[in-house]
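A.B. asks: starting from these lines, generate the structure:
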Amino acid sequence: MSDTLQILDTAHFEPPPEAVDFYRDSLALLKESGIPFLLSGTYALSCFTGIVRPTKDLDVFCKPSDAPKILAFFKARGYEIEVEDERWIGKVWKGDNFFDVIFNISSASIPITDEWFARVHEAQVYGTTVRITPPTEFVLSKIFLQTRYRYDGADVAHTILKQHSEIDWRWLLSAMELYWEVLLIQVLNFRFIYPTERDLIPRWLFDELIDRVKAQAELPAAGVKICRGRLLSPRDFVIDISEWGFADVVGKGIDEKHERPKHH
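C.D. replies: Here you go, the predicted model:
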């Protein structure tokens, strides 16, 4: 159990009135199911930073092997379910209300694993005590969201500012092994935003990332011309793949007629 239990005043999140009962029932049923899950998104941000903003859904994180179990559990109880994308997300619906069942970082293919459940952070939300995505994993869940319509860099910076001592920096670096430059972007972003707080990010991490940049600078360009922009924004870098000859590394569907990612 966690040392402290935060009780969130859910009225501050300004949920649609018709959704409150849905959220309350959904979290109670999730707890009843016994299937491990983590509540993330705005609720986790509030726990870690005190920042509160309106939200219209719930982000429920679970392991890939548990996502079908959660969907089946709710289907058996009369809820509508949707597998939006087998690579990372499903949804549970009741009328016009829904919550997301997320089991993978969609663009980078970083699955939710047992390690995400190793550290316990709890909050009471809509009357149910639930586990919250821990600070390290919360940062990981936000770090790739860099689009012209949504940029979560502020959430990352605020979480580092308030929860730096709770972040497992070595685990985060290991999880970002293929994407260490994205981590460096966030490190530099934090250093720029909070110049007097630079020491909150361990010096060894900064030095390690800079050493990687220096080593990379000595290498010739790769033989395959790729664009990794769609790891950050699947929509904003479509033209690089469809017209400019770059290989893709994401594989989200593209509407060939309009050269836009397919969406529902």
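
A.B. asks: and after the lengthiest helix in the chain, which helix or strand comes next?
C.D. replies: The helix spanning the most residues in the chain, taking DSSP state H as the definition, is helix 17-33. Later in the chain than helix 17-33, the nearest helix or strand by DSSP states H and E is strand 38-39.

A.B. asks: return the distance of the longest helix of the chain from the chain's centre.
C.D. replies: Chain-centre distance of helix 17-33: 21 Å, with C-alpha atoms, centre = their mean, to the nearest Å.

A.B. asks: contacting residues around it?
C.D. replies: Applying C-beta atoms under 8 Å, 6 or more residues apart in numbering, the external contacts of helix 17-33 come out as 10, 15, 37, 39, 56, 58, 60, 69-70, 73-74, 77, 92, 94-97, 99, 125-130. From N, CA and C alone the C-beta is placed, and that goes for glycine too.

A.B. asks: and if we set it to 10 Å?
C.D. replies: With contact meaning C-beta atoms under 10 Å, 6 or more residues apart in numbering, helix 17-33 is reached by 10-11, 13, 15-16, 36-37, 39, 43, 55-58, 60, 62, 66, 69-70, 72-74, 77, 79, 92-99, 101, 124-131.

A.B. asks: quick one, which of these are buried?
C.D. replies: 10, 13, 15, 36-37, 39, 43, 55, 57-58, 60, 62, 66, 69-70, 73-74, 79, 92, 94, 97-99, 101, 125-126, 128, 130-131 (16 or more other C-beta atoms under 10 Å).

A.B. asks: what about the helices in the stretch 1-150 of the chain?
C.D. replies: 17-33, 41-49, 67-75, 135-142 (DSSP state H, counting those that start in this stretch).

A.B. asks: using a markdown table, lay out these together with mean pLDDT and distance to Ile185.
C.D. replies: Output for those, formatted as a markdown table (pLDDT from 0 to 100; distance: least, C-beta to C-beta, whole Å):
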| stretch | mean pLDDT | distance to Ile185 |
| --- | --- | --- |
| helix 17-33 | 94 | 34 |
| helix 41-49 | 95 | 20 |
| helix 67-75 | 98 | 29 |
| helix 135-142 | 97 | 12 |
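
A.B. asks: touching, Ser40 and Val101? I think so.
C.D. replies: No - here Ser40 does not reach Val101: they are 11.3 Å apart, not a contact under C-beta atoms under 10 Å.

A.B. asks: hey, what's in contact with both of the two?
C.D. replies: Leu58, Asp59, Val60, Phe61.

A.B. asks: of those residues, closest to Leu232?
C.D. replies: Asp59 (19.0 Å; C-beta to C-beta).

A.B. asks: could you measure from the closest one over to Asp100?
C.D. replies: From Asp59 across to Asp100, the span is 5 Å (C-beta to C-beta, to the nearest Å).

A.B. asks: same deal with Ile112?
C.D. replies: 13 Å.

A.B. asks: higher neighbour count, the two?
C.D. replies: Ile112 (27 against 18; other C-beta atoms under 10 Å).

A.B. asks: domain ranges for the protein?
C.D. replies: 1-133, 143-219, 229-261 (automatic domain parsing).

A.B. asks: quick one: mean pLDDT for the last one?
C.D. replies: Just to be clear, that refers to domain 229-261. For domain 229-261, mean pLDDT is 75.

A.B. asks: how about the second one?
C.D. replies: Taken as a whole, domain 143-219 has an average pLDDT of 97.

A.B. asks: just the terminal-to-terminal distance for it.
C.D. replies: 26 Å (C-alpha to C-alpha, to the nearest Å).

A.B. asks: which residue ranges form the strands in the protein?
C.D. replies: 5-7, 38-39, 59-61, 80-85, 89-94, 97-102, 104-105, 110-111, 122-125, 128-131, 254-255, 260-261 (DSSP state E).

A.B. asks: any chance of those strands in TSV, with distance to Gln216 too?
C.D. replies: Converted to TSV, these look like this (distance: least, C-beta to C-beta, whole Å):
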stretch	distance to Gln216
strand 5-7	41
strand 38-39	34
strand 59-61	32
strand 80-85	32
strand 89-94	33
strand 97-102	31
strand 104-105	23
strand 110-111	21
strand 122-125	41
strand 128-131	38
strand 254-255	30
strand 260-261	29
